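[1] Just a sequence and a predicted model for now, questions to come.
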Amino acid sequence: MNRMAEDIFLDIEAQIMAVLDVWESLDVADEATTEKINSLAHDFNPFYGVMNSAKFAYQRVLESITDQERKSLYLRIDQKTLEFMDLAKIVLNRVYNLFNHEASSRITNEEEMTRFKKGLEMSPEVAYNELTYFIDVRKRYFAQDQNFHLYYTVETFYEILDDIQAMVLRMSYFFYTIKEAIDKIRAYNRPE
């Protein structure tokens, strides 16, 4: 692959791995993790900076390389994004299971649990299901990309990066939802 195209891939791969490292280190049951979640949710963090830079700073590179080199680059990023989403689902399940463990250890009555969940701003189940659905849909899209993309344009590159950014933002929102639920269940006073 063209050296400059290879550098683009390595930059994106490094940023994806950096995000996964943060996710792996998150403990949403720990108050100190709020800052980490917050940093992932804002456009100015390093991940978004590299993604946005890639959209513009690398445009000339993408336009100057051959169609085959561009296709090779995009397919590699597609594959890395599929891996990213697989790992994201593992983290997603770990965090969701942590909430369920916290909840079931404090509330054993099903009706009481239903009342507690209705009092939350966002249902952990809904947040979990929506994000799982989003990941599964995007995974199918990226898998199809590898078979059906006829033209690998600069716009295609933007679409790939937009999807990666959307993934990070949605995961951050999910972490917030679970953290809020855990904080509230820890402060929950069982009715007399």
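    Sure, I can see it. Numbers count the residues shown, from 1 in each chain.
[2] Going by neighbour count, which residues of the host helix or strand of Glu111 are buried?
    Per DSSP states H and E: Glu111 is located in helix 110-118. Burial within helix 110-118, assessed by neighbour count using 16 or more other Cβ atoms under 10 Å, is assigned to 116-117. Quick note: C-beta positions are derived from backbone N, CA and C, even for glycine.
[3] Could you export it as CSV, CA atoms only?
    Extracted in CSV, the C-alpha atoms of helix 110-118 (Å, rounded to 0.1, in the frame of the first residue of the first chain):
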residue,chain,number,x,y,z
GLU,A,110,-39.8,-7.8,40.8
GLU,A,111,-42.5,-5.2,41.3
GLU,A,112,-40.2,-3.0,43.3
MET,A,113,-37.5,-3.3,40.6
THR,A,114,-40.1,-2.3,38.0
ARG,A,115,-41.0,0.8,40.0
PHE,A,116,-37.3,1.7,40.5
LYS,A,117,-36.5,1.4,36.7
LYS,A,118,-39.5,3.6,35.8
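[4] Which SSE is immediately downstream of it?
    Per DSSP H and E, helix 110-118 leads on to helix 124-148 as the next helix or strand towards the C-terminus.
[5] circling back: how about residues contacting the helix holding Glu111?
    103, 107, 123-125, 184-185, 188, 190-191 (Cβ atoms under 8 Å, 6 or more residues apart in numbering).
[6] Let me know the closest of those to Ala88.
    Pro124 (16.7 Å; Cβ to Cβ).
[7] List the buried residues in the helix ranked longest in the chain.
    Within the chain, and with DSSP state H defining each element, the longest helix by residue count is helix 67-106. For helix 67-106, burial by neighbour count (16+ other Cβ under 10 Å) applies to 69-74, 76-78, 80-82, 84-85, 87-88, 91-92, 95-96, 98-99, 102-103.
[8] The helix holding Glu111 relative to helix 67-106, how many degrees between them?
    Angle, helix 110-118 to helix 67-106, by axes from the mean of the first three to the mean of the last three Cα atoms, to 10 degrees: 130 degrees.
[9] could you give the mean pLDDT of helix 110-118?
    Confidence over helix 110-118, taken as the mean pLDDT, stands at 84.
[10] Likewise for stretch 72-90?
    86.
[11] List of residues touching it?
    Residues beyond stretch 72-90 that count as contacts (Cβ under 8 Å, 6+ apart) turn out to be 1, 5, 8-9, 12-13, 16, 20, 23, 62, 65, 132, 135, 138-139, 142-143, 145-146, 149, 152, 156-157, 160, 163-164, 167, 171.
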